[in-house]
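Colleague: What follows is a predicted protein model with its sequence.
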Amino acid sequence: MNGIDGRVPLSAREITTGQANHVWSVDGPTPYILKHYSDPSRAANEAAALRLLATHRAPAPQLLATSPYDTPPWIAQTALRANPVPADNYLEDLTEPLAAVHRIPGTHFGRLAGARQHRSWSDYLHDRLHAYATAAPTLRATAQLLHQEVEADEDSIQPVLLHHDLRPGHLLREPAGSRLLVDWELAIFGDKRSDLGRLAVRLELDDPTPVLALADRSDPTTESRVHLYWHIHLLADAALSRDPVVRNRAAKRLTACATGQSRDRDAFTT
């Protein structure tokens, strides 16, 4: 788009919200959002996700311009006249836009761009679990148990688009009532139930039961898979989060889960 080159105009207003990235709102004949990234692969991934979403007319901003390998990497996307959906309406308002996203088929498993692509969903999960255990050796035992759970499940998953960072603030409501999902840098192709497991972590739930309202309950494996993904995303936070509060909270929930499962096994065998 003419006039957008990744540089921050003097009139831009920074709207960064505690992320590693920097974000500005830029006024003008065509207002837009400018985003600078610390990681070029995330810039490339978000640009690829926005292009795909536009192809399917899905509920998301439009990509205006990008150069993911500039210094710093950046994208520009349409500014939205919208406000975050209130927390007490979040799950209800998320239902329709998330279903639209999950109808978009994928071509592989993993990030859309800027990262390794995987031939199967289980390969992707094993790769992520290995990364978490490498980053946090004290959590290797937990990662190994999750490896075993992934291995035990039949992997017949067909990839679809996942937002993979669902949380309050990333779902907006326009004045006309339309709901839009923003911040697509972590988007992947995978099992749509993984979005629900990650959402349960971002909502700081003690178990993922409430997010099952968004799931297809006709599949008898849905509940167990959402629980598995919830544990994997907790492990991700415990191993990789830069925020010590998030990291410690995830580790405590993982410990509580392991303790509860141990009690259940003991009760069953006595």
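Modeller: Everything's here; your move. Note that the structure is a prediction, hence the values are computed from the model and not measured. Numbers count the residues shown, from 1 in each chain.
Colleague: Show me how the record splits the protein into domains.
Modeller: The chain breaks down into these domains under automatic domain parsing: 13-78, 83-269.
Colleague: and the closest residue to Gly169 other than its chain neighbours, bridged to which residues?
Modeller: Closest residue to Gly169 in three dimensions, ignoring its sequence neighbours and counting by CB to CB, 6 or more residues apart in numbering: Pro84, at 5.1 Å. Glycine gets a C-beta too; all of them are placed from N, C-alpha and C. Beta-bridge pairing for Pro84 (DSSP bridges): Leu172.
Colleague: Now do the same for Pro84: its pLDDT.
Modeller: If you check Pro84, the pLDDT there is 91.
Colleague: Give the full set of residues in contact with it.
Modeller: 168-169, 171-173 (CB atoms under 8 Å, 6 or more residues apart in numbering).
Colleague: Looking at these, spot the one nearest Ala258.
Modeller: For those, the residue nearest Ala258 by CB to CB is Pro168; the value is 28.0 Å.
Colleague: Can you get me a residue count around Ile104?
Modeller: Residues lying near Ile104 (other CB atoms under 10 Å) number 17.
Colleague: what do you get for Ser241?
Modeller: Number of residues near Ser241 (other CB under 10 Å) recorded here: 15.
Colleague: start at 593 instead
Modeller: Sure, I'll start counting at 593 from here, so that last one is Ser833.
Colleague: Name the nearest residue to it, ignoring sequence neighbours.
Modeller: Of all residues not flanking Ser833 in the chain, Arg839 sits nearest, at 4.4 Å (CB to CB, 6+ apart).
Colleague: what about the strands in this protein?
Modeller: 605-606, 614-618, 624-628, 655-659, 666-670, 675-676, 702-703, 752-754, 763-765, 771-773, 780-782 (DSSP state E).
Colleague: which one of those has the most crowded surroundings?
Modeller: The highest average neighbour count among the strands of the chain, using mean count of other CB atoms under 10 Å, belongs to strand 780-782 at a mean of 25.
Colleague: In its sheet, which strands sit next to it, and in what direction?
Modeller: Neighbouring strands of strand 780-782 in its sheet, by DSSP bridges, are strand 702-703 (antiparallel), strand 752-754 (antiparallel).
Colleague: ok, and what's touching the shortest one?
Modeller: Think strand 702-703. 633, 637, 708-710, 716, 719, 779-782.
Colleague: Of the strands of the chain, which is nearest Glu746?
Modeller: strand 780-782 (15.7 Å).
Colleague: From the chain's centre, how far out is the closest one? Work that out for me.
Modeller: 10 Å (CA atoms, centre = their mean, to the nearest Å).
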